[in-house]
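In: fold the following, please.
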Amino acid sequence: DVPGQAPEMFCIDIDISARKAAEKEARYLAFYDALTGLPNRRLLADRLQQVMASSARTGHHAAVLFVDIDNFKTLNDTRGHEVGDRLLVEIGQRLRASLREQDTVARLGGDEFVLVLQNLSEDTTEAAAQVRTIGELILEQVRLPCHLSGQEHHFTASIGATLLRQPQPTTDEVLKQADLAMYRAKDAGRNTLRFFDPDMQEAINQCAQLETEMHEGLRLEQFLLLYQPQVDSTGRVTGAEALLRWQRPDHGLVSPALFIPLAEETGLILPLGQWALETAMFQQARWRVDPRRELTESLLLEDVDGVIATMRALKAHGVGFSLDDFGTGYSSLSYLKRLPLDQIKIDQGFVRDVMLDPRDAAIAHTIIALAHMLGLAVIAEGVETTAHYQFLLEHGCRAFQGYLFGRPEPLEAFEQRVREGGAPTSG
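Out: The predicted structure is shown next:
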């Protein structure tokens, strides 16, 4: 150091702009959707919480709308994900343009958008009317033509709406309410708006409780099979349909119409189905008969090609197949052409009124004739009267199932019936 002079100083110049840009980008992606630039689920939850707090403080209603693009998967499957992404960007822009600056439009993922409306009327009826007006505007905007990759496309949306009430639920509960209302719009035919009803929440709670009890019921072996006899034209028992029932504590036998749809929705149908199939096949092995697996059209709709492959593998081991609910789905005739079936079953919905409704009579007659032409066996379910039996017999049906011949019954009672009237030959 030189006396009277300042010490030497060294400056290091480092450009950190790239790092700052990266940090800014990371913060952006943490709160915004990369495709549409709209708030993502994380930012939506924060804004929804603020709106709920403001609504509770001011007394003004707020609302949440769940918007789902109808048949979006079809566009992705036919035109590709790039075209699908362009549609999502376009829809996001239309939604944003339909709302006030203070409102929020967020994208949860896929083709699902959530709108948060604040500062609505203090009167519930007026607030609901405001929501409906905005919802109709959104439906109109979505219906406008979209020009994607040189082609014009037309879309609709299904919207579920819920008003924020006191006492306020959690943000997750609010989103579930709007989501459930959206599915009501889907069920109503799409291209419409439906509001959440408090009774729907009670149904949600009951389903959740039922799901918990179903898991417990499977673990505690509360499920059982009942056997409904199937007979030939002479009334001889030729087999049985194994019907799944749930012996729910303090409730008695639970109808499958109540728990099967929930089991399908929650995935519990897989262990339930495996248990039922193993139990039925074990019983059939005791009877020394060829096992038969029954399919429904609703199952086939999920993955036809996968079902066909599985069926062929099982047929190699001697498993036969009967198609239940025939004629009540969407592609019955194509199933008959593609699936390795052995039998089709005339749904009881067509059998019930064959003596009263000429259309049901014509359908039942046609199914019987079609089965014969395709070399398939046919059985009619829901045969409850002698008149049903005689009509079907006269039109060529030779196998029957219904209360006229016996109700579903425990194994011991069914075996007693067989001992009195003949031996089972198919299941």
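In: elements contacting the helix or strand containing Lys186?
Out: Using DSSP states H and E, Lys186 sits within helix 171-187. When contacts are defined as 3 or more Cβ pairs under 8 Å, 6 or more residues apart in numbering; DSSP states H and E, helix 171-187 sits against helix 41-58, strand 63-69, strand 157-163, strand 193-195, helix 198-219. C-betas here are computed from N, CA, C, even on glycine.
In: would you mind giving those as TSV with distance to Ala276, mean pLDDT and mean neighbour count added?
Out: Putting these into TSV (distance: least, Cβ to Cβ, whole Å; pLDDT from 0 to 100; neighbours: other Cβ atoms under 10 Å) gives the following:
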stretch	distance to Ala276	mean pLDDT	mean neighbour count
helix 41-58	38	92	16
strand 63-69	34	96	25
strand 157-163	34	95	25
strand 193-195	35	92	21
helix 198-219	11	80	14
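In: rewinding a little: how far is the helix holding Lys186 from where the chain is centred?
Out: Taking Cα atoms, centre = their mean, to the nearest Å, one finds helix 171-187 lying 14 Å from the centre of the chain it belongs to.
In: can you list contacts of it?
Out: Helix 171-187 has contacts (Cβ atoms under 8 Å, 6 or more residues apart in numbering) with 45, 48-49, 52, 64-68, 70, 114, 158-162, 164, 169, 192-197, 200-201, 204.
In: and it with strand 157-163, angle?
Out: Here helix 171-187 runs at an angle of 140 degrees relative to strand 157-163 (axes from the mean of the first three to the mean of the last three Cα atoms, to 10 degrees).
In: could you dump the helices and strands packed on helix 171-187 into JSON lines and include distance to Tyr227?
Out: Shown next, in JSON lines, are the helices and strands packed on helix 171-187 (distance: least, Cβ to Cβ, whole Å):
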{"stretch": "helix 41-58", "distance to Tyr227": "49"}
{"stretch": "strand 63-69", "distance to Tyr227": "43"}
{"stretch": "strand 157-163", "distance to Tyr227": "42"}
{"stretch": "strand 193-195", "distance to Tyr227": "42"}
{"stretch": "helix 198-219", "distance to Tyr227": "20"}
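In: against Asp85, how distant is Ser149?
Out: From Ser149 across to Asp85, the span is 11 Å (Cβ to Cβ, to the nearest Å).
In: quick check on the two: which one has the bigger neighbour count.
Out: Using other Cβ atoms under 10 Å as the criterion, Ser149 and Asp85 rank with Asp85 on top: 14 against 10.
In: and the more buried one, that's in a helix?
Out: Yes. Under DSSP: H, G, I helix; E, B strand; the rest coil, Asp85 sits within a helix.
In: show me what contacts it?
Out: By Cβ under 8 Å, 6+ apart, the neighbours of Asp85 are Leu35.
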